Each structure stands twice: as C-alpha cells, then as structure tokens.
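Colleague: Could you work out the structure for the sequence below:
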Amino acid sequence: MPRSYLFRDRADAGRQLAENLLSYAGRDDVIVLALPRGGVPVAFEVAQRLGVPLDVFVVRKLGVPGHEELAMGAIASGGIRVLNEDVVYALPDAQSIVEMVTAIEREELKRRELTYRAGRPPSDLRGRTVILVDDGLATGATMRAAAAALRQQGAAKIIVAVPVGAPTTCREIRDEVDDILCLHTPVSFMGVGQYYEDFSQTSDEEVRELLAASAARGPEADV
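Modeller: This is a model prediction of the structure:
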C-alpha cells in the first residue's frame, strides 16, 4: 500500500479503528451505528471485533442545488435537521431552497430505512452507549444531525468513531458528543477519499448484505 494511503479500503479502516475501541468490547449496553452508505463496511468490522450489535442510522446531506457536495446541512431519523448557517446565509431565497431539498431528501431517507433493514425494526437506543461510525469526517454536517437525533431518541452516551477526519471538524464535534475518536487528523486534509487506496462507492446491496450478515451471525468478538 503506497505510503500516502492510510487504509486499503473501508474494511481495513474498520479493523484499525476497532483496535482503539476495545474498552467497549462485550458490553451489553453498547451498540454500533453506521452512517450509510460508506460507514457500514467500517462499522461492520468494529461491531464484529467488539462483539456488540450493529445497526444503521440513516442521515442525508442537504446539498446546495447545482453544487451538491456543498452541504447546507443534514437530516436524520426522528425528524432532526441541522443547518450549516454559514452556507445557508450565502444563498439567495435560502428558506425555499432548504425546504425543497429537505422534502426530497426525506423521501430518500425513508426509502433507505426500508431498504436497508429488510423488515427488521430500528434498534431501541434508550439508555444505550452508541458508537457512531462513518468512513471519515469532512464538514461533519451528517454526523451532527445524527448525534442530535440520537440525543432525542434517548441514547445515554454517544461516541463518534471515524478512521480519518479534518482536524477542525473533529475538534468542533467533540463539544457535541460524549467522546470522539478520530484515528487520524492529517493537517493537510482535503477529503476523506484521499486516504483510502480503494474508496469505491458502497452500494445499497452491500449495505443490506453486511447488515443481514451481522444480524444472522450475531456479534463475534475476538478479544
């Protein structure tokens, strides 16, 4: 693997991340939640290594029309919406744009929840310690929305865990959760994908397969 890459792929990143979370292994109150789609292969490895359940937590970025990679904010399960005020402030007719994109993304959020779980009900998060996993942190908009939604759903403790993240974002999110593990915070951070040798898109089918495999096998800690 070239020196410029930190991880071969998302599974490799998950295995590396898990080794730094072993204090949570085998605990009955712990659950790993993945942000789809890219966070699922990472979280699968974490959950298996720790011997705890895995579920998906659907969050959708609200991208600026025509510049979708620029996040106005994000929405999450439970009706939570978090806005990036700096971006919204710069938009003409911001309220109508935000509401239009929110309506579209809410439909996609509902579709993904139905697709990924294949009839399995969402996990009960009340009183639980949640390890919230993604393949990296750039702006942090989706992670903030997820953390806010988890608070609303009664999670007792929220730990954000990512293989790599922008230093500023990791520092800012620390104030919004109980703990955070950003395994690598490169000073020259430009985007999550630059640290993966293979950063190909995770498909809906791969998400379904990993969640189904985790549910069927149960957690298998190797601690």
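Colleague: so what's residue 57 closest to, chain neighbours aside?
Modeller: With Cβ to Cβ, 6 or more residues apart in numbering as the criterion, residue 57 has its nearest non-adjacent residue at 4.2 Å, and that residue is residue 33. C-beta: built from backbone N, CA, C; applies to glycine.
Colleague: How about residue 46?
Modeller: Using Cβ to Cβ, 6+ apart and skipping residues adjacent in sequence, the residue nearest residue 46 is residue 18, 4.5 Å away.
Colleague: List the contacts of the helix or strand containing the residue nearest to residue 57.
Modeller: Using DSSP states H and E, residue 33 falls within strand 30-34. Here strand 30-34 makes contact (Cβ atoms under 8 Å, 6 or more residues apart in numbering) with 24, 40, 42-44, 46-47, 50, 52-57, 123, 125, 128-134, 146, 150.
Colleague: For the stretch of helix or strand residue 149 belongs to, enumerate the helices and strands it packs against.
Modeller: According to DSSP H and E, residue 149 maps onto helix 141-152. Contacting helix 141-152 under the criterion 3 or more Cβ pairs under 8 Å, 6 or more residues apart in numbering; DSSP states H and E are the following elements: strand 59-64, strand 67-76, strand 80-83, strand 129-133, strand 157-164, helix 167-174.
Colleague: what's the distance between the residue positioned nearest the centre of the chain and residue 66?
Modeller: Most central in the chain under Cα atoms, centre = their mean is residue 35, positioned 2.9 Å from the mean C-alpha point. According to Cβ to Cβ, to the nearest Å, residue 35 stands 24 Å off from residue 66.
Colleague: again with residue 113
Modeller: Separation of residue 113 from residue 66 (Cβ to Cβ): 27 Å.
Colleague: So for these two, which sits in the more crowded spot?
Modeller: Each of residue 113 and residue 66 has its neighbours counted (other Cβ atoms under 10 Å); residue 113 has more, 15 against 6.
Colleague: hang on, isn't that one packed against residue 60?
Modeller: No - Residue 113 sits out of contact with residue 60 when judged by Cβ atoms under 8 Å, with a separation of 10.6 Å.
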